[in-house]
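Visitor: this one's sequence-less:
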């Protein structure tokens, strides 16, 4: 089992930055791809970014490409999402998730992720 805890959310102005953290316990993340997803009120949960188990590959949604960066610290068993140039439409609850299968590349499919955190709220004011 993997337990994931997100942190770093908050209120920020349009154009500002935040860094989200996803700390894992129970199993080393280094063998699993990790993704970030987000869900705004009344909308489905959508893919944001993912990183491979080795950290060598990343994948981003078009809406955040060039603004967000996903990275991992194996020693800390933690994955980060650096969010720059934030927009009001980035407002959502952000969730991290770990893949159900070891040694798989990053992907955008929710059904491939078996372990989820509780989420952290990000609010971007206009």
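Guide: Received, thanks. None of the values given here were measured: they were computed from a predicted structure.
Visitor: make it CA atoms for all contacts and neighbour counts henceforth
Guide: Fine.
Visitor: just the buried positions in stretch 68-84, please.
Guide: 68, 69, 70, 71, 72, 78, 79, 80, 81, 83, 84 (16 or more other C-alpha atoms under 10 Å).
Visitor: same thing with stretch 3-22?
Guide: 3-7, 9, 12, 14, 17-22.
Visitor: same check on stretch 29-47?
Guide: 29-40, 45-47.
Visitor: now residue 119, nearest residue through space, not along the chain?
Guide: Taking C-alpha to C-alpha, 6 or more residues apart in numbering, and ignoring the residues beside it in sequence, residue 119 has residue 95 as its nearest neighbour in space, at 4.4 Å.
Visitor: tell me what the helix or strand hosting the one you found is packed against?
Guide: With secondary structure defined by DSSP states H and E, residue 95 is part of strand 92-102. Using 3 or more C-alpha pairs under 8 Å, 6 or more residues apart in numbering; DSSP states H and E as the contact test, the elements touching strand 92-102 are strand 3-7, strand 32-39, strand 113-116, strand 120-125.
Visitor: list the neighbouring strands of that strand plus their orientation.
Guide: Note on strand 92-102: by DSSP bridges, its sheet partners are strand 32-39 (antiparallel), strand 113-116 (antiparallel), strand 120-125 (antiparallel).
Visitor: let me know whether residue 93 touches residue 42 as I believe.
Guide: No: judged on C-alpha atoms under 8 Å, residue 93 makes no contact with residue 42 at a distance of 11.7 Å.
Visitor: re the thing from before, dump the buried residues of stretch 68-84 to TSV, plus distance to residue 105, pLDDT and secondary structure.
Guide: Conversion of the buried residues of stretch 68-84 to TSV gives the following (distance: C-alpha to C-alpha, whole Å; pLDDT from 0 to 100; DSSP: H, G, I helix; E, B strand; the rest coil):
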residue	distance to residue 105	pLDDT	secondary structure
68	19	98	strand
69	17	98	strand
70	14	97	strand
71	14	94	strand
72	14	92	strand
78	17	93	strand
79	15	94	strand
80	17	96	strand
81	17	98	strand
83	22	98	strand
84	25	98	coil
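Visitor: contact partners for the spatially most central residue of the chain?
Guide: Centroid-nearest residue in the chain: residue 36, 2.3 Å away (criterion: C-alpha atoms, centre = their mean). Taking C-alpha atoms under 8 Å, 6 or more residues apart in numbering, we find residue 36 in contact with 47, 48, 49, 50, 81, 94, 95, 96, 97.
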